[in-house]
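Visitor: got a predicted structure plus its sequence, pasted below:
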Amino acid sequence: MDLNYSQEESAFRDEVRSWLKANLPQDLRDKIANYDELSRDDLLRWHRILAKQGWVAPAWPKEFGGTSWNVVQRYIFEEECGFAGTPPLIPFGLSMCGPVILRFGTPEQKKRFLPGIYNGDVFWCQGYSEPGSGSDLASLKTKAERQGDHYIVNGQKIWTTLGHYADWIFCLVRTDASLSKRQEGISFLLIDMKTPGITVRPLILMDGGHEVNEVFFENVKVPAENLIYEEGKGWTVAKYLLGHERMNTGRVGASKRELAKLREFAGQQKGDDGKPLIEDARFRDKLTRVEVELMALEITNLRFLDQMRRSGQPPGADVSMLKIKGTEIQQALTELSMQAVGPMAQPFKSVANDPDFDEFTAGLAPRYCNFRKTTIYAGSNEIQRNIISKMTLGL
Amino acid sequence: MNFDYNEEQQLLADSVRRFLAKDYGFEARRKIVASKDGWSPAVWAQLAEMGLMGLPFSPDHGGFGGGAVDLMGVMEAAGDALLVEPYVATVGLGAQFVARAGSDAQKNAILPAVVEGRLKMAFAHTEKGARYNLAKVEVQAKKAGSGWEITGEKFVVLGAPAAERFVVSAKTGKGLSLFLVDAKSVKVKPYVTLDEQRAGDVSFSEAPAELLGTEGGALPLIEEVVDFATALICAEAVGAMKFACDTTLEYLKTRKQFGVPIGTFQALQHRMVDMYVSYEQAKSMACLAASKADSPVDAKDRARSISAAKIKIADNCRHVSQESIQLHGGMGMAEEMKVSHSFRRLTMIAQQFGDAEHHLARFASL
């Protein structure tokens, strides 16, 4: 047993780190550090910088712009991005729609859609959840009826992250409602958001932020050539996606960075005794417990990677535990950051646009609120437990 | 032993609950929160009309001579409705100092006005870097003619933007003292708090001040009143938790996934049960806090009990609020759902007047 990275892996890490240092624009770095909201342009700017470097889609095949990095290198890259505080790469195109087209798309579809995804020319969003279909995705009702060379789509999607930025949406739709098995009769359809009949309505979250939407489809005409794979086989596509690219769900790099930041921040705050809060044993122990949780997550993550690299098999159901632990850690960190400022966590919004209003401190409690989403989205942690229970434990 | 409210307390709690259900529904509250001042003069007048402003003050000043236990049912109803009016700031803090330490003249000038709903107050105490340490005050008061002058700054003063009179803590040569300061002599930087109440940072520049109580040695009184207010928000937390539990239970019964209500899943049933247990435990501790706040024969016993209550309430606020969102799935994250607002209030109650860690330290030291 040797838990250390190899010399080559460490050298790779150094290369990534120094490249990020030189190429992450200062204004984006600052926005991330201050927890500022990122605009569509901010997100795409970083996407394009990585695309230009050829690092935007490491897992893709080489011919479509992939890097040929192995799973450990990919992990190192993502960890370094988290550690450097880069803007997130929006996954809907690069890690979801892209891989689906690569696996199931026709040559024409690959040619038509992949370059736009890779280069960040087209902003994608995901149309899965519906008001009545969250954890139980197979109950979805949005209907697509074939009429000649088109589908006519009617229905509603919800929780559509960044749908208000998106040019295109990939959707699971029901093309056949007559089948008794609900997973059958679902299809995977790509839809241009500019098509008449689509309405995007903001869904404001409890922190007051606009990041998710409701998307309504009313007689939306979609060319049949936008169907991915076969009609009625959308569930196969969705299942493929579920098992794909789940190795960074723990977000170890970003949490390490937040932890270091919180430690420093808690050094500047004062405890009840007037000494730095970080010297308060009660606070320090709480922070340390999160740190140890994060170490356990990191080592578990590496252990899974090692298994994957040596077996050559895609990750199994156990990666669900990375999502469970990773999101719990993210939430614990936002909660501790809010607690670190004690009574100063209360101010939320200045009434009179006071220029001295401490926006950073005021942002900590809303951030805690916002991060409650992490244990709900991308397959709630309850669903992740169901997956382990069923697939690994056979219960 | 009797944990029940007496008939008067129950009647009052019921009528407050009825009024808030009718006039302070989630939509009505939303409008009040979005209004310029963030509180409602009409609601305030109605609360005064119902006798809520005078409840814990002496009949000599138009009140009903009640205490924290009499306010419990009211605060539970306020927690359920997520009341944002500056009620605790006025009745639980500001006017409490006057009632407990004021001269006859000060009482006569202030308490009837509070009781009649004509005067709102706030307690300006917290300073930068003091965290929850009530003893840590640097702001100075100096003699000026026959009165005093205060210079300095106070932070996160609950209800400051609406307050007409402030109770301000400041140091004199004799130590920690309390003063009355008119709102016209101070500068308030107003903000909305996470739980949609109004608060502000308050600065004083040679602000004329009137001594309240004796000069020096004000800390025991400050602790007593803050404990009283803590008992009130503990009861408020119970009301907000009750709402969060009830609405989550309803959701578990009605939200269907996989063809059945999600409340049929044992994994969720047990979590709902734990929420309910948290609520019941919180209610018990809120009863303890209110009872002890009303019988301050032994300050140490009072402080221990109220710290114990706040530890439990803070932990259970977090537990119940977090689970109420998680069990609602995405819907709990939506601003349009009341449960996301009870989440915000419960989050803040956990950190108001000392978080669990502060009260752990205080409890252990007593």
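Guide: Cool, got the structure.

Visitor: just give me the neighbour total for A:Leu227.
Guide: 22 (other CB atoms under 10 Å in any protein chain shown). For every residue, glycine as well, the C-beta is placed using N, CA and C.

Visitor: surely it touches A:Phe188?
Guide: Yes. In this structure, A:Leu227 is within contact of A:Phe188 by CB atoms under 8 Å, at 7.2 Å.

Visitor: chain A contacts on the stretch 1-150 of chain B?
Guide: Where the stretch 1-150 of chain B comes near chain A, counting by CB under 8 Å from any CB of the partner chain, the residues are B:38, B:126, B:129-133, B:136.

Visitor: so which of those sits lowest on pLDDT?
Guide: Least confident of the residues of the stretch 1-150 of chain B next to chain A in the model: B:Gly129, at 93.

Visitor: touching, that residue and A:Asp273? I think so.
Guide: No. Counting by CB under 8 Å, A:Asp273 is not a contact partner of B:Gly129; they are 11.1 Å apart.

Visitor: please name every helix or strand in contact with whatever helix or strand B:Ala309 lives in.
Guide: Using DSSP states H and E, B:Ala309 sits in helix B:299-328. Counting contacts by 3 or more CB pairs under 8 Å, 6 or more residues apart in numbering or on different chains; DSSP states H and E, helix B:299-328 packs against helix B:219-254, helix B:266-294, helix B:338-351, helix B:356-365.

Visitor: buried sites along it?
Guide: Neighbour counts using 16 or more other CB atoms under 10 Å in any protein chain shown place B:302-328 of helix B:299-328 among the buried residues.

Visitor: count of neighbours near the residue lying closest to B:Glu116 once chain neighbours are set aside?
Guide: Ranked by CB to CB, 6 or more residues apart in numbering or on different chains and with sequence neighbours excluded, the top spatial neighbour of B:Glu116 is B:Ala48, at 6.0 Å. B:Ala48: 16 surrounding residues under other CB under 10 Å.

Visitor: any idea how far B:Ala48 is from B:Gly117?
Guide: Using CB to CB, to the nearest Å, we find B:Ala48 at a distance of 3 Å from B:Gly117.

Visitor: ok, B:Lys107 next?
Guide: 17 Å.

Visitor: next, name the residue at the spatial heart of chain A.
Guide: Nearest to the mean C-alpha position of chain A, counting by CA atoms, centre = their mean, stands A:Pro91 at 5.8 Å.

Visitor: what does the stretch 201-350 of chain B put close to chain A?
Guide: B:256-259, B:267-268, B:318, B:322, B:325-326, B:329-330, B:332-337, B:340-341, B:343-344, B:347-348.

Visitor: quick one: the strands in the stretch 101-250 of chain A?
Guide: Listed in chain order, the strands of the stretch 101-250 of chain A (DSSP state E, counting those that start in this stretch) span A:124-127, A:143-147, A:150-157, A:168-174, A:186-192, A:198-204, A:210-223, A:227-228.

Visitor: what about these, which gets the closest to B:Leu212?
Guide: Of all these, strand A:198-204 sits nearest to B:Leu212, with 43.6 Å by CB to CB.

Visitor: any idea of the pLDDT on residue 148?
Guide: You didn't say which chain, so I picked chain A. For A:Gly148, the model assigns a pLDDT of 96.

Visitor: not what I meant, chain B
Guide: So B:Trp148 comes in at 98 (pLDDT).

Visitor: and it, that one's in a strand?
Guide: Yes. Assigned with DSSP: H, G, I helix; E, B strand; the rest coil, B:Trp148 falls within a strand.

Visitor: quick check: it vs B:Phe204, distance?
Guide: Taken as CB to CB, the span from B:Trp148 to B:Phe204 is 11 Å.

Visitor: so A:Met344 makes contact with A:Phe357?
Guide: No. The criterion here is CB under 8 Å, and A:Met344 misses it with A:Phe357 at 11.8 Å.

Visitor: can you name every helix or strand that the helix or strand of chain A with the lowest mean pLDDT contacts?
Guide: Within chain A, no helix or strand scores below helix A:234-242, which has a mean of 91 by mean pLDDT, DSSP states H and E. Helix A:234-242 sits against helix A:98-104, strand A:168-174, strand A:186-192, with contacts defined as 3+ CB pairs under 8 Å, 6+ apart.

Visitor: what is the burial count for B:Glu164?
Guide: Using other CB under 10 Å: B:Glu164 sits among 17 other residues.

Visitor: re earlier: regarding the residue nearest to B:Glu116, what is its secondary structure?
Guide: Following three-state DSSP, B:Ala48 is assigned to helix.

Visitor: likewise for A:Phe348?
Guide: Under three-state DSSP, A:Phe348 comes out as strand.

Visitor: check B:Phe353 too.
Guide: Per three-state DSSP, B:Phe353 ends up coil.

Visitor: go ahead and confirm it touches B:Phe228.
Guide: No. Between B:Phe353 and B:Phe228 there is no contact under CB under 8 Å: 10.1 Å.

Visitor: any stretches of the stretch 101-250 of chain A with poor pLDDT?
Guide: For the stretch 101-250 of chain A, applying pLDDT under 70 flags the ranges A:243-248.

Visitor: quick one: contacts for B:Ala163?
Guide: B:86, B:89-90, B:94, B:120-122, B:157, B:183 (CB atoms under 8 Å, 6 or more residues apart in numbering or on different chains).

Visitor: and if we set it to 10 Å?
Guide: B:86, B:89-90, B:94, B:119-124, B:157, B:181-183, B:186, B:188, B:198, B:200, B:202 (CB atoms under 10 Å, 6 or more residues apart in numbering or on different chains).

Visitor: just B:Leu12 next, same as before
Guide: Taking CB under 10 Å, 6+ apart as the test, what B:Leu12 contacts is B:5-6, B:50-52, B:55, B:64, B:66, B:70-71, B:73-74, B:77.

Visitor: kindly report the same for A:Gly82.
Guide: A:Gly82 neighbours (CB under 10 Å, 6+ apart): A:88, A:248, A:250-258.

Visitor: next, count neighbours for residue 113.
Guide: The chain I'm using is chain A. 24.

Visitor: um, chain B though
Guide: B:Ala113 has 19 neighbouring residues, counting by other CB under 10 Å.

Visitor: just the one 4 residues further on next, same as before
Guide: As a burial measure, the neighbour count of B:Gly117 was computed by other CB under 10 Å and equals 19.

Visitor: and what of B:Leu71?
Guide: 29.

Visitor: same check on B:Gly332?
Guide: 25.

Visitor: that one and A:Met206 touch, don't they?
Guide: Yes. With contact defined as CB atoms under 10 Å, B:Gly332 and A:Met206 form a contacting pair (7.9 Å).

Visitor: name the residues contacting each of the two.
Guide: Residues touching both B:Gly332 and A:Met206 by CB under 10 Å, 6+ apart: A:372-373, B:325, B:339-340, B:343.

Visitor: in space, what's closest to A:Phe92 - neighbours in sequence excluded?
Guide: Closest residue to A:Phe92 apart from its sequence neighbours, by CB to CB, 6+ apart: A:Trp124 at 4.1 Å.

Visitor: measure A:Glu291 to chain B for me?
Guide: Distance, A:Glu291 to chain B, by CB to the nearest CB, to the nearest Å: 18 Å.

Visitor: touching, A:Ser133 and A:Ala238? I think so.
Guide: No. A:Ser133 is beyond contact range of A:Ala238, at 11.9 Å (criterion: CB under 10 Å).

Visitor: what is in contact with those two at once?
Guide: A:140, A:172.

Visitor: not counting its neighbours along the chain, what's nearest B:Pro161?
Guide: Distances taken as CB to CB, 6+ apart put B:Pro190 closest to B:Pro161, at 3.9 Å, once the chain neighbours are dropped.

Visitor: and what of A:Gly134?
Guide: Spatial nearest neighbour of A:Gly134, chain neighbours left out: B:Gly329 (5.2 Å); criterion: CB to CB, 6+ apart.

Visitor: wait, what's in contact with the one you found?
Guide: A:129, A:134-135, A:159, A:376-377, A:380, A:382-383, B:251, B:255, B:257, B:262.

Visitor: out of those, which end up buried?
Guide: Going by neighbour count (16+ other CB under 10 Å), the contacts of B:Gly329 have A:129, A:134-135, A:159, A:376-377, A:380, A:382-383, B:251, B:255, B:257, B:262 buried.
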